[in-house]
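Chemist: Build me a model:
(chains A, B, C and D)
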Protein chains: 2
Amino acid sequence: MTVSPGRRERKKAATRQKIADTALRLFLERGFDAVGIRDVAAEADVAVTTVFSHFASKEALVFEQDDDFEQRLTQAVTGRAPHEPLIPALRREIQSLVRHCAADSATPVWRMIDESPALREYEESMRLRHAESLATAIAADPDLSRTTTACRTIARFVIDAYSLAREAADPDAALDEIFRMIEAAWAVTRPSGSSTVVT
Amino acid sequence: MTVSPGRRERKKAATRQKIADTALRLFLERGFDAVGIRDVAAEADVAVTTVFSHFASKEALVFEQDDDFEQRLTQAVTGRAPHEPLIPALRREIQSLVRHCAADSATPVWRMIDESPALREYEESMRLRHAESLATAIAADPDLSRTTTACRTIARFVIDAYSLAREAADPDAALDEIFRMIEAAWAVTRPSGSSTVVT
DNA sequence: ACAGTAACACTAACCGTTAGGAGTTCACAT
DNA sequence: ATGTGAACTCCTAACGGTTAGTGTTACTGT
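Modeler: Numbering: from 1, shown residues only, chains lettered A, B, ... in the order given. Sure thing, here's the model as predicted:
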């Protein structure tokens, strides 16, 4: 149970939300590049500096709530059933994330992202950070004694799967194919002399 | 035979080179972020607009001649010996590229890149473009009849190998390990019913 | 020679982003 | 209650990358 948040925190959250909502609306109406930060600030009735006190950059306005992407991935590793193999768990999570992006409500947003190089670039560097924390989570699992390199590599591959599947004509089929490859790559990293349990 | 380039083209090339040299020198002396485009332009004795007519961005000044990265990769695919398997050919090329980056003369440059987030981000998005053209080259090879998805995936993996190996403490060992994984991933994409020749 | 044009310069601005400093509102301890 | 400090926001001004507009120079092909 969380204590009821004070007025201050509520106001702050409201301001943040108003900025994010206004920004997304303007971006979708006129296109990301055609809307300036000054426009967003004016429309949301806040100062430009306030926008940047809530969001690190213009691009971050678009990926406002996608910080749980990272959490969901690491959760898929740390919170999976005991002795459940790693790759299927990751596959399930990635599939769910890809489907969420393909949902009708999200489509215009992703169209906008695809159309702006700045946003694509920003997303890609987000993914890199996600891959790093996923690698850390994998490396920390005692059931999977792999080298650091193997963990970082497989984390990259999983992130690649997400971004390739999102672009594919048939995301489900692409995910099938890519995860078959990832499974094989993961298998050859199994330390020799381990038990017969596949992890 | 190319006709001897006219005075105009020579002057243009000279200007471009002078800008690139000046920029790299200043960047190494004072750090990438501490040098402004206006500084570079003044020191190279050209107008700011001239700098941007030769280079698309400040970051591009640093990766001036690294456009052959893309060419070397696609060459490794299209120019390999007949019936030579794909992955070892790529592995050889990546290894050579990684070693080249670790060469003493290049070290200060890479240190500078590592220290600037803007440059790291720029490089990563370059790599993505390289992955795309590598994927195209792989898809175009008649010896390797794989799906588009498999080609794009393996291309990403290879690029990942480059960037992971460059960061690793022991690049050679990391490359060994990563390419074992890539080899396994590639193997499972082999179309059923193909001959016994491994490609 | 002459016209066309590529390369370059200059100015002035746009846009994202940040620093500095001041005002307001809230939380909390007394 | 009230004072106090911290958090939030505002405003102004600037910095640095990037581009548009407009000439000017100097090479090229005829």
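Chemist: switch to C-alpha atoms for all contacts and neighbour counts from now on
Modeler: Noted.
Chemist: Which of the helices or strands spans A:Ala169?
Modeler: Secondary structure from DSSP states H and E places A:Ala169 outside every helix and strand.
Chemist: next one: phi and psi at the residue most central in space within chain A?
Modeler: Computing the C-alpha centroid of chain A and ranking residues by C-alpha atoms, centre = their mean puts A:Phe69 first, at 3.4 Å. Torsion angles at A:Phe69 (phi, psi; degrees, to the nearest 10) stand at phi -50, psi -50.
Chemist: And for the one 10 residues further on?
Modeler: Note on A:Gly79: backbone dihedrals following degrees, to the nearest 10 are phi -100, psi 20.
Chemist: What of the one 4 residues further on?
Modeler: Summarising the backbone geometry of A:His83 under the convention degrees, to the nearest 10, its torsions are phi 70, psi 10.
Chemist: go on, A:Pro5?
Modeler: Torsion angles, degrees, to the nearest 10, at A:Pro5: phi -70, psi 140.
Chemist: so what pLDDT did it get?
Modeler: On the pLDDT scale, A:Pro5 is placed at 77.
Chemist: ditto for A:Thr196
Modeler: What the model reports for A:Thr196 is a pLDDT of 67.
Chemist: on that earlier part again, for A:Arg129, see how far away the residue nearest to the centre of chain A is.
Modeler: Separation of A:Phe69 from A:Arg129 (C-alpha to C-alpha, to the nearest Å): 11 Å.
Chemist: Equivalent analysis for A:Ile19, please.
Modeler: 25 Å.
Chemist: Write out the residues of chain A neighbouring DNA strand D.
Modeler: Residues of chain A found near DNA strand D (C-alpha under 7 Å from any atom of the strand) are A:8-9, A:11-12, A:15-16, A:45-50, A:53-54.
Chemist: most neighbours, which of these?
Modeler: In terms of neighbours by other C-alpha atoms under 10 Å in any protein chain shown, the residues of chain A next to DNA strand D top out with A:Arg16 at 20 neighbours.
Chemist: And A:Ile19 and A:Arg129? Which one has more around it.
Modeler: A:Ile19 (24 against 13).
Chemist: Looks like that one contacts A:Ala44 (just checking).
Modeler: Yes - applying C-alpha atoms under 8 Å as the test, A:Ile19 and A:Ala44 come out as touching, 5.6 Å apart.
Chemist: Please enumerate residues in contact with the helix or strand bottoming out on mean pLDDT in chain A?
Modeler: Within chain A, judged by mean pLDDT, DSSP states H and E, the helix or strand with the poorest mean is helix A:107-115; its value is a mean of 94. Residues from elsewhere that reach helix A:107-115 (C-alpha atoms under 8 Å, 6 or more residues apart in numbering or on different chains): A:28, A:31-32, A:101, A:119-120.
Chemist: Buried ones only from those residues, please, as a ChimeraX command.
Modeler: Here is the ChimeraX command that selects only those of the contacts of helix A:107-115 that count as buried (16 or more other C-alpha atoms under 10 Å in any protein chain shown):
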select /A:32,119,120
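Chemist: and which of the contacts of helix A:107-115 is nearest DNA strand C?
Modeler: Taking C-alpha to the nearest atom of the strand as the measure, A:Phe32 is the one of the contacts of helix A:107-115 closest to DNA strand C, at 7.8 Å.
Chemist: Distance of the closest one relative to DNA strand D?
Modeler: Note on A:Phe32: its distance to DNA strand D, by C-alpha to the nearest atom of the strand, to the nearest Å, is 15 Å.
Chemist: just A:Leu73 next, same as before
Modeler: Counting by C-alpha to the nearest atom of the strand, the gap from A:Leu73 to DNA strand D is 28 Å.
Chemist: OK, contacts around A:Thr149?
Modeler: Applying C-alpha under 8 Å, 6+ apart to A:Thr149 gives the contacts B:164, B:168, B:174, B:177-178.
Chemist: Repeat that for A:Glu124.
Modeler: Taking C-alpha under 8 Å, 6+ apart as the test, what A:Glu124 contacts is B:Ser125.
Chemist: Point out the residues in chain A that sit beside chain B.
Modeler: A:121, A:124-125, A:149-150, A:152-153, A:156-157, A:160-161, A:164, A:168, A:174, A:177-178, A:180-186, A:188-189 (C-alpha under 8 Å from any C-alpha of the partner chain).
Chemist: at 7 Å what do you get?
Modeler: Within reach of chain B by C-alpha under 7 Å from any C-alpha of the partner chain, chain A has these residues: A:121, A:125, A:149, A:153, A:157, A:174, A:178, A:181-182, A:184-186, A:188.
Chemist: and these as CSV, adding secondary structure?
Modeler: What follows is the residues of chain A next to chain B, written out as CSV (DSSP: H, G, I helix; E, B strand; the rest coil):
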residue, secondary structure
A:Glu121, helix
A:Ser125, helix
A:Thr149, helix
A:Thr153, helix
A:Phe157, helix
A:Ala174, helix
A:Ile178, helix
A:Met181, helix
A:Ile182, helix
A:Ala184, helix
A:Ala185, helix
A:Trp186, helix
A:Val188, coil
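Chemist: Highest neighbour count among these?
Modeler: A:Ile178 (28 neighbours).
Chemist: Show me where chain A has its helices.
Modeler: Remark: helices assigned in chain A by DSSP state H are A:7-30, A:37-44, A:48-54, A:68-78, A:86-102, A:107-115, A:117-140, A:148-167, A:171-187.
Chemist: mean confidence for the last one?
Modeler: Summarised as a single mean, pLDDT over helix A:171-187 is 98.
Chemist: same thing with the third one?
Modeler: Across helix A:48-54, pLDDT averages out at 98.
Chemist: for it, packing partners?
Modeler: Helix A:48-54 sits against helix A:37-44, with contacts defined as 3 or more C-alpha pairs under 7 Å, 6 or more residues apart in numbering or on different chains; DSSP states H and E.
Chemist: Give the rounded mean pLDDT of the helix it packs on.
Modeler: In this model, helix A:37-44 has an average pLDDT of 98.
Chemist: tilt between it and helix A:7-30?
Modeler: Interaxial angle of helix A:37-44 relative to helix A:7-30 (axes from the mean of the first three to the mean of the last three C-alpha atoms, to 10 degrees): 120 degrees.
Chemist: Contacts for helix A:37-44, please.
Modeler: Under the contact criterion C-alpha atoms under 7 Å, 6 or more residues apart in numbering or on different chains, helix A:37-44 has outside partners A:18-19, A:22-23, A:47-48, A:51, A:58.
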